[in-house]
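[1] test case, fold it:
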Amino acid sequence: MDGSGLLFDEFVSELRCRSVVVSYPTDQPLGYEELEQHVRSLLPGDEPFVLLAESFSGPLAIALAASPPPQLKAVVLVCTFARLPVPSFALQWTRPISLLPLWRAPMLLTSRVLFGRFRSAAKDVLLRHAIDSVAPKVWRARLKAVLSADKTSSLCRIHVPLLYLRACQDRVVFPAASAVISAHVPGSKVDSIDGPHFLLQTKPQESAAAIRAFAVEHGLAL
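    This is a model prediction of the structure:
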């Protein structure tokens, strides 16, 4: 959700292919529509590519895949959602929640939720740096965007191969989110990996291996 791109170095190294980490502006309170235009402007236009989106970025990837750039060949979604599986009676609380300064939550709590039993002092330092790099007004805008996002209707327009990596110990995005996506995208694949919400950061080898196997299955070169 920080959009800084600071937390992907180990995973990108394990992926062993040319990768471009797209960062989001840290000082502009942009919603999903504005961020989609930002990402589109940075996608490759002259070579095939696979689009990977983690957590907050899932709705962006779904929107992009529903109206795909010519060179998009596949999508990988990691611990994310088309819409949050929030019961209808709880929707009234989304606005109050969006006003909470969640970026100021104690690091011990935040780290345990995101890293689970794989947390470490080094990971805490990196996470703190990523959180602090984003302005409070941007955090508020992104939290509001998450709580109101619903790209379910866009899923049926995705016609490229789709892989969903689900974390078995995810305390942020529940299994119902992956079920919604797989139910609306025929032929999509869900792989479960024993890890927390920050799956790419705590299980980089397993995540990269699953993605490489998916690419081979669909004849894609990474």
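[2] list the buried residues for stretch 154-167?
    Under the neighbour-count criterion of 16 or more other C-beta atoms under 10 Å, stretch 154-167 has 154-155, 158, 160-167 buried. Any C-beta I mention is one placed from the backbone N, CA and C, and that applies to glycine too.
[3] for it, the distance to its chain's centre please.
    From the chain centre to the centre of stretch 154-167 is a distance of 12 Å (C-alpha atoms, centre = their mean, to the nearest Å).
[4] can you add secondary structure and give the buried residues of stretch 154-167 back as JSON lines?
    Formatted as JSON lines, the buried residues of stretch 154-167 follow (DSSP: H, G, I helix; E, B strand; the rest coil):
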{"residue": "154", "secondary structure": "helix"}
{"residue": "155", "secondary structure": "helix"}
{"residue": "158", "secondary structure": "coil"}
{"residue": "160", "secondary structure": "coil"}
{"residue": "161", "secondary structure": "coil"}
{"residue": "162", "secondary structure": "strand"}
{"residue": "163", "secondary structure": "strand"}
{"residue": "164", "secondary structure": "strand"}
{"residue": "165", "secondary structure": "strand"}
{"residue": "166", "secondary structure": "strand"}
{"residue": "167", "secondary structure": "strand"}
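[5] mind checking how far residue 176 is from residue 1?
    Distance, residue 176 to residue 1, using C-beta to C-beta, to the nearest Å: 19 Å.
[6] the residue positioned nearest the centre of the chain - nearest residue in space that isn't next to it in sequence?
    The centre of the chain sits closest to residue 54, judged by C-alpha atoms, centre = their mean, with a distance of 1.6 Å. Closest residue in space to residue 54, ignoring its immediate chain neighbours: residue 78 at 4.3 Å, by C-beta to C-beta, 6 or more residues apart in numbering.
[7] next secondary structure after the helix or strand bottoming out on mean pLDDT in the chain?
    The helix or strand of the chain with the poorest confidence is helix 94-98; it has a mean of 54 (mean pLDDT, DSSP states H and E). Next helix or strand after helix 94-98 toward the C-terminus (DSSP states H and E): helix 107-115.
[8] identify the residues contacting that next one?
    Defining contact as C-beta atoms under 8 Å, 6 or more residues apart in numbering, one finds that helix 107-115 is touched by 119, 123-124, 127-128, 131, 171-172, 196-198, 201-202.
[9] name the residues of that helix that come out as buried.
    Those buried within helix 107-115 under the rule 16+ other C-beta under 10 Å are 110-111, 113-115.
[10] and stretch 12-20, by the same measure?
    12, 14-15.
[11] now stretch 59-76
    For stretch 59-76, the neighbour count (16+ other C-beta under 10 Å) marks 59-65, 68, 72-76 as buried.
[12] what's the farthest-apart pair in the contacts of helix 107-115?
    128 and 171 (19.1 Å; C-beta to C-beta).
[13] check contacts around residue 21.
    Neighbours of residue 21 in contact, by C-beta under 8 Å, 6+ apart: 5, 8, 12.
[14] hmm, 6 Å instead?
    Shown in contact with residue 21 (C-beta atoms under 6 Å, 6 or more residues apart in numbering): 5, 8.
[15] quick one: secondary structure of it?
    Assignment for residue 21 (three-state DSSP): coil.
[16] just read off the phi/psi values of it.
    Phi and psi for residue 21, reported as degrees, to the nearest 10, are phi -90, psi 120.
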